[in-house]
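K.L.:
got a predicted structure plus its sequence, pasted below:
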Amino acid sequence: MALTRAEGRSLLRGAGKIIAAPYRLVERRSHTVGLPPGSMVQHPDAEQEDQKPARIDVIRYDDNSIEEYTDVDAAKARELTDTSPTDVTWIDVTGVHDVETVAAIGETFGLHPLVQEDLSHTIQRPKLEVYDEKTFIVLRMVRPLIDAAEDVYERGQAGHDIEQISFILGDGFLISFQEQEGDVFDPVRERIRQHAGSIRALSADYLLYALLDVIVDHYFITLERIGDATEFFEEIVFEDPKPEVQQSLSALRRQVVILRRAIWPLRDVLTSLLRDEIPSLSEKTKLYIRDAHDHLIQAVDVLETLRDVLSGLADLYLSAVSYRMNEVMKVLTVVGTLFIPLSFLTGLYGMNFDNIPELHYQNGYFILLGIMAAVTVGALAYFRRKRWF
Amino acid sequence: MALTRAEGRSLLRGAGKIIAAPYRLVERRSHTVGLPPGSMVQHPDAEQEDQKPARIDVIRYDDNSIEEYTDVDAAKARELTDTSPTDVTWIDVTGVHDVETVAAIGETFGLHPLVQEDLSHTIQRPKLEVYDEKTFIVLRMVRPLIDAAEDVYERGQAGHDIEQISFILGDGFLISFQEQEGDVFDPVRERIRQHAGSIRALSADYLLYALLDVIVDHYFITLERIGDATEFFEEIVFEDPKPEVQQSLSALRRQVVILRRAIWPLRDVLTSLLRDEIPSLSEKTKLYIRDAHDHLIQAVDVLETLRDVLSGLADLYLSAVSYRMNEVMKVLTVVGTLFIPLSFLTGLYGMNFDNIPELHYQNGYFILLGIMAAVTVGALAYFRRKRWF
Amino acid sequence: MALTRAEGRSLLRGAGKIIAAPYRLVERRSHTVGLPPGSMVQHPDAEQEDQKPARIDVIRYDDNSIEEYTDVDAAKARELTDTSPTDVTWIDVTGVHDVETVAAIGETFGLHPLVQEDLSHTIQRPKLEVYDEKTFIVLRMVRPLIDAAEDVYERGQAGHDIEQISFILGDGFLISFQEQEGDVFDPVRERIRQHAGSIRALSADYLLYALLDVIVDHYFITLERIGDATEFFEEIVFEDPKPEVQQSLSALRRQVVILRRAIWPLRDVLTSLLRDEIPSLSEKTKLYIRDAHDHLIQAVDVLETLRDVLSGLADLYLSAVSYRMNEVMKVLTVVGTLFIPLSFLTGLYGMNFDNIPELHYQNGYFILLGIMAAVTVGALAYFRRKRWF
Amino acid sequence: MALTRAEGRSLLRGAGKIIAAPYRLVERRSHTVGLPPGSMVQHPDAEQEDQKPARIDVIRYDDNSIEEYTDVDAAKARELTDTSPTDVTWIDVTGVHDVETVAAIGETFGLHPLVQEDLSHTIQRPKLEVYDEKTFIVLRMVRPLIDAAEDVYERGQAGHDIEQISFILGDGFLISFQEQEGDVFDPVRERIRQHAGSIRALSADYLLYALLDVIVDHYFITLERIGDATEFFEEIVFEDPKPEVQQSLSALRRQVVILRRAIWPLRDVLTSLLRDEIPSLSEKTKLYIRDAHDHLIQAVDVLETLRDVLSGLADLYLSAVSYRMNEVMKVLTVVGTLFIPLSFLTGLYGMNFDNIPELHYQNGYFILLGIMAAVTVGALAYFRRKRWF
Amino acid sequence: MALTRAEGRSLLRGAGKIIAAPYRLVERRSHTVGLPPGSMVQHPDAEQEDQKPARIDVIRYDDNSIEEYTDVDAAKARELTDTSPTDVTWIDVTGVHDVETVAAIGETFGLHPLVQEDLSHTIQRPKLEVYDEKTFIVLRMVRPLIDAAEDVYERGQAGHDIEQISFILGDGFLISFQEQEGDVFDPVRERIRQHAGSIRALSADYLLYALLDVIVDHYFITLERIGDATEFFEEIVFEDPKPEVQQSLSALRRQVVILRRAIWPLRDVLTSLLRDEIPSLSEKTKLYIRDAHDHLIQAVDVLETLRDVLSGLADLYLSAVSYRMNEVMKVLTVVGTLFIPLSFLTGLYGMNFDNIPELHYQNGYFILLGIMAAVTVGALAYFRRKRWF
């Protein structure tokens, strides 16, 4: 188990907060009901801070050179793409809530209205669609919000954020769309800048692979955290079945359910990348995508295992509570069964009848004490036979 | 969570009413047993107010003009359809319980007897069938009855109604059949009237898509309400496991089961629209229907998630009840275990034996008090060791 | 809910009888072990009253004429079939336990030995087989034994009977085989006699459809009854979790399991009728069979929903029992916790030590009463804080 | 229900013995680890009595003649097979633990080393394989050990034995391999001897069918017994939830699990016989094998139903235990709640304070009795309102 | 059951240790996030003792000769492979954590970068991939750490270790990669050395089969141990439902889950070996691989059965705990119900009212004793009627 006791306890203390995790069970769709397809509306949950305009960053590279442009407009992005067709141009759009910018990109690059709608309507199911030689991919990025070292409570709990990422793969360019600042792409940016591996020598489809791969790899970080927390609860569920444990298990199970909905449909996307005719996707890159596909299948396997283990732990918790109740009842029963008859006997000889002959025996009191001792010994023997100790 | 505490409490108070929700587990079919196929009979549950005759409304439009006709007869509808084949004619029939009107439409438009039977026999499973170049689609519309703001109790509970909608898609016309006044099509009517989007420029198959899409979108409104209620119960199930919570969870689960039966088979209908040769359905419209299909898959995903979470909550409720019982028993056991032996001791020295030497010790009473204190401290230490506090 | 309270109560009172329902979990097969295929043996469960010989009734009709023959022999049935090949001849055999008659029919009409064996061995799984241009169909008829109005108890419970029905569809004739007197075919007989619908104008395959359809429709009558009973239990399970409720739920669940085994494999039969090359089955009739197939799918959907809801109710029952136990324990704990310490105090001052100073205080008794009141108030405050009221 | 009460009770008394049933959950394989394929080793569980050498019996028949040979050697068996190719030669080998004899047969008939290994390694999963025009089938025979009438306890419990049977179907001969003396083939032997049915006139593939059929039929004998026992427990689980009931249910469930593992894969074997090109298997025999296949599907259906019902019964048992506990607690609570306050009152006036004014009231005692009666009536009314009676 | 009581008890005592078993629920992947594909990094869990360099052993053999080389370098291994192409060269690499050595092998034999990455990144899902005429297989070896006889506790518990094994099958050579010293291949090495079976006469694909087979066979050793433990718990779960039993069941269930994840995907690998075009794999070897495939399917069957039985045992445990609680409560209730009313009566006549007429009756005491006896008999009769004894 990767969590220390202290970390685990800290995890438990935070149990109450988990339920209020920031993932909706049902994503808001009602504000778009009845609009014509292609309508781009801002999500009603979008908060104030999201209101700043979208930012477009461009990295253009080939094996020899690399240029980075920050905060350009759609026209400039198009121009950069067009002027040197042998390069790879990666256009990264942050802030899809800014409907105007997304629409400008859409118009400049000639995207289908349905694609434009899906880009800013950030509740899509992972999917792949091909329109006019351009491949449109939607999926979910799971981003660890804070470092595991910073706050132990967050480990395996609410320390991640689910966000919609979209890609448009065209001939010589890749456009990525994110919801918020902060992503998991920095290792890829570094590899491009550092000329690490062969990424600089390869075309846009390999860049798509690299970004998909880093997204899939980040699923494992969240899964590892959930796994650590699960292993912690495996250890303590029996020894200390407090309701916080049950609440934490329930919260972990819910996270697994939510992650499953985010991850599972990506299988079809990757399978489609491998099997179907995808424009601008080379056979060589497919080898790498097969690798990402294998990792995804593993993530799905892990999710299923976690589901299984968590549901077993919930049963174990119930067993533990039952068992403890049993123990509690045994104590009450033993004490009650031992003393209630004795108390009856004392009550009997505490009565004030004029005529109770036993009261006047010389050794009545001592005889009664003896009888009481005998009753007690008998009851204890009975309990022993029932294996209550 | 989207519900305030006050809203949630109000939800709980209404728990008892939910079970008596207006959806039958098994829809009535017995009154049609043995009738020849094509027989059109009125549903026995049809109430008095349904007895008014069906109403036929027609909207005929093309990119330039729009004409609306209210309460016409079947012959007039046919005539409107025939006279200008380049237009789109939408014939909307409300009140399929009116067997005569439906039969008139059926005859005028040459519908197969089995189609006519299914139109007024409003318990069909969603399906798609093609007869003689006309496509017949049956599905279920889930209509929110009241606005969420009006009555908080209704949120996520019984505030929606399930109704059978049928479509006949022909060359240049679309006929829709509804059970009752009130539908979810108003946004589409407005788009036609306002010339919003491209609906006016496109043909009848696009109108079919627009209506299917608005129906699918309305599934999410109901799902959102159920999701909100579920999240509310996630929060309170542990802190206050009252039986109303369990009843509400059970009612929500039943709603999910009923919705699942209404929604799930629509997948096959949309898949068939996408894959099969459907007369009067253009390739271009299929792109849009693929979008509606994606939304439907998402609705199905959400239903499965809700099922999963609700069943987890039911287990959580049981755990919470068990845990509370455990707490209750601990209190009884602690009190009983502390005082029953002490009471025995007091009883012992309350006996009236002539000869109980201890009674005459100068400090007998105080010695006994000391013994009792020792017993109490011992018992408390025992409980502490058992971690009952 | 379709049951009144009184009807429901009556349902509950009968709960004990349900388990002894007349459907075996495992149908008897052992008496045929090791016999050569084609051996026709009588079922050992066949009762005395079944021992009367089988009866063969024939209805021969075309669009213009209809002839009915009662209790003919196999040779006569064959002759009626052969003499007018343009007619439809429906040969209805009641009492397949009469092995000789079935064998005579089999020989006269040239049936395969395996078919003959299956006809009187009434434990077949629904299946369709084609031998020499003749189609052999086995399925299960679920027949409501008594009218719902007669005896409320029977509603949704044991008021139906499952029986094997076999059909042989040949060129121009249909042979049906039943186990016992009494079937669900009367509406079809009436339609033939009354010349209702188009049945008289169509051939033997349409007659087969009409009989299949009426059998499928009767499944819904049983399902409706089970649904009504389930809805009744949904209402009362929480307010009054008596063991009879649990027994009834269990009996309903068992019925659903048994019906599922009878109904589910019929899907394959109808699918095979729709997809495969079936001799003497016209394309036009297939349209109708598709309709019957849709109804069957709906019946299967309903069965699954009932299973789901019934299993949810069983959990609800357990919850209700747990909750009630909790309530009971709370009462005991409150009473015990309030009075046990007080009783200890009274015991304390009921002791007979010579020297208990408090006993001689002027207001000792009243001081003690005050202390007791304080203890009580404290305990009540504690319970209030624990939300036990 | 087919069991009488007395039989059922006898079943219950034997509950403890069932767990020690002779089927291993995991069959021993470890002693063969690392051996080269084709190695024939004796199973380590083989007992002393199994150590006698294998016996080879041969029946050679055609429509006119029949010859039986007992305890021949492999060479003789081969010779009998070869000398009259128009006959059917059935070579029945009993005692596959005798590795030498099996190897001799294997060599004489030219069997593949992997087949020879599988023959004596009696833990194979049912499978069908074709090597060089010879078809190799492995399956499991379930043999009722004793007659149901002999010992009621055995009914539906441990009264059957699972054994591996292998067949080699060649051109004109069939070799069967059994583990132990005693099989279910006697009815087939009798049919051959008695010239019953058409078995004598048909070839070796029909003999294979006849033996498969009798094995499948015997599955039903065991299933019937389990079904009878299940129905017995359905009746008593609620009225008398003793732990023996639970143990028996658990044992039955285990039997179903074990049988499922033995029976389920046979589906693939029979499907392969029906669909694939199998040497020496005629189309005509396939008709019969389809019949055996239908029976097998039924056995699988029954297994699933039993699983379902048994798991429902386990829940019912838990419910029954919970309900009973509830009843027990109610009694304690009623008695406690009634008498504990009364005892407090008697304690109060049993104190020895000098100054307790009430004690000296003329009717103090009678007034107190009245108060006690009032408290009792109040408590009873409370319980009545809570519906505890 | 294969465990003696003593062995089982020893198993139970170790229950607490099991949870801390050395298999992570989620394997560490996070340290590789964002690295370019083909990066070879050491696993962070790798312990000190793993730090010694990898060792390469080579066995080169043909039917006549055998040569063994220990601890050679990559170049030498390549040379041995190349110099005599008619031999089979088995290169066994132990210690894949040594990234340099693995990279050297990879370079020398021209392995794809993705293969090199997977070799030392030991958390792969079992898979088969073909790159440039070389077949790459990853799977999991389950190795029993200690002999069953050495330490009984380990039986069926943590006494095995899961390790990643990779194979590269080329033309005339097979490379195997292991994580640690110690494997399950010794029987195969002995067979090569002893010239047992036909392994020496066959090519490298047969060697691959032999190694796969011995790995699959070793799954059964672990499964047997888990099966033995499960059977032990089946016997004692009811008679002694201690929490250790529940913990052990939970640990066994977890092991089954982990093994399932290791074993299940190997099916696809073996199926692919059987069905796809695999370079250097002969048809003849496929016959043997089919045999290994059959064994694997059996292992999967056994895993499912164990899951099923273990989950049934968990329910049984809960039942047993409930039942025991019931028994405990009955004792308390019987004692309480018998004595609490009697104690009230004694309290009644222990009161000090001046005027309690009964106290002065001559036989008051004896009459009261008689009443008490009557009350006791009545209560006992009531309990008997409730079948509490």
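P.N.:
Received the coordinates, thanks.
K.L.:
write out the residues of chain A neighbouring chain C.
P.N.:
residue A:350 (CB under 8 Å from any CB of the partner chain). Glycine gets a C-beta too; all of them are placed from N, C-alpha and C.
K.L.:
where does chain A get nearest to chain C, residue-wise?
P.N.:
Closest to chain C within chain A is residue A:350: 7.1 Å, counting by CB to the nearest CB.
K.L.:
my guess is that residue meets residue B:350, correct?
P.N.:
Yes: the pair residue A:350 / residue B:350 is scored as a contact, 4.4 Å apart, by CB atoms under 8 Å.
K.L.:
can you show me the strands along the stretch 151-300 of chain A?
P.N.:
A:160-169, A:173-178 (DSSP state E, counting those that start in this stretch).
K.L.:
tell me what the shortest one is packed against?
P.N.:
In terms of contacts (3 or more CB pairs under 8 Å, 6 or more residues apart in numbering or on different chains; DSSP states H and E), strand A:173-178 is packed against strand A:88-94, helix A:99-109, strand A:160-169, helix A:204-236.
K.L.:
to what extent is residue A:335 buried, counted in neighbours?
P.N.:
19 (other CB atoms under 10 Å in any protein chain shown).
K.L.:
spatially nearest residue to it (excluding sequence neighbours)?
P.N.:
Of all residues not flanking residue A:335 in the chain, residue B:337 sits nearest, at 4.7 Å (CB to CB, 6 or more residues apart in numbering or on different chains).
K.L.:
which strand or helix spans the one you found?
P.N.:
Using DSSP states H and E, residue B:337 sits within helix B:283-348.
K.L.:
which helices and strands does that helix pack with?
P.N.:
Checking 3+ CB pairs under 8 Å, 6+ apart, helix B:283-348 ends up next to helix A:113-120, helix A:243-263, helix A:283-348, helix B:204-236, helix B:243-263, helix B:266-275, helix B:364-385, helix C:283-348.
K.L.:
how about low-confidence regions in chain A?
P.N.:
Applying pLDDT under 70 to chain A flags residues A:1-24, A:41-51, A:85, A:145-160, A:389.
K.L.:
which parts of it sit against chain D?
P.N.:
residue A:350.
K.L.:
show me how the record splits chain A into domains.
P.N.:
A:5-20+A:49-320, A:349-389 (automatic domain parsing).
K.L.:
okay, now residue A:298: neighbour count?
P.N.:
Other residues close to residue A:298 by other CB under 10 Å number 23.
K.L.:
from memory it sits against residue E:125, does it?
P.N.:
Yes: between residue A:298 and residue E:125 there is a contact at 4.8 Å, judged by CB under 8 Å.
K.L.:
common neighbours of those two, please.
P.N.:
Overlap of the contact sets of residue A:298 and residue E:125 (by CB atoms under 8 Å, 6 or more residues apart in numbering or on different chains) is empty.
K.L.:
how about the contacts made by the closest residue to residue A:93 other than its chain neighbours?
P.N.:
Among residues not flanking residue A:93 along the chain, residue A:177 sits closest, at 4.8 Å (CB to CB, 6+ apart). Applying CB under 8 Å, 6+ apart to residue A:177 gives the contacts A:93, A:96, A:102, A:119, A:164-168.
K.L.:
just the domains of chain A: most buried one?
P.N.:
Compared across the domains of chain A, domain A:5-20+A:49-320 shows the largest average neighbour count, a mean of 19 (mean count of other CB atoms under 10 Å in any protein chain shown).
K.L.:
I figured the residue nearest to residue A:335 hits residue A:333, correct?
P.N.:
No: in this structure, residue B:337 is not within contact of residue A:333 by CB under 8 Å, at 10.3 Å.
K.L.:
relative to residue B:329, how far out is the closest residue in space to residue A:241 that isn't next to it in sequence?
P.N.:
Excluding its sequence neighbours, the residue lying closest to residue A:241 (CB to CB, 6+ apart) is residue A:320, at 3.9 Å. Separation of residue A:320 from residue B:329 (CB to CB, to the nearest Å) stands at 15 Å.
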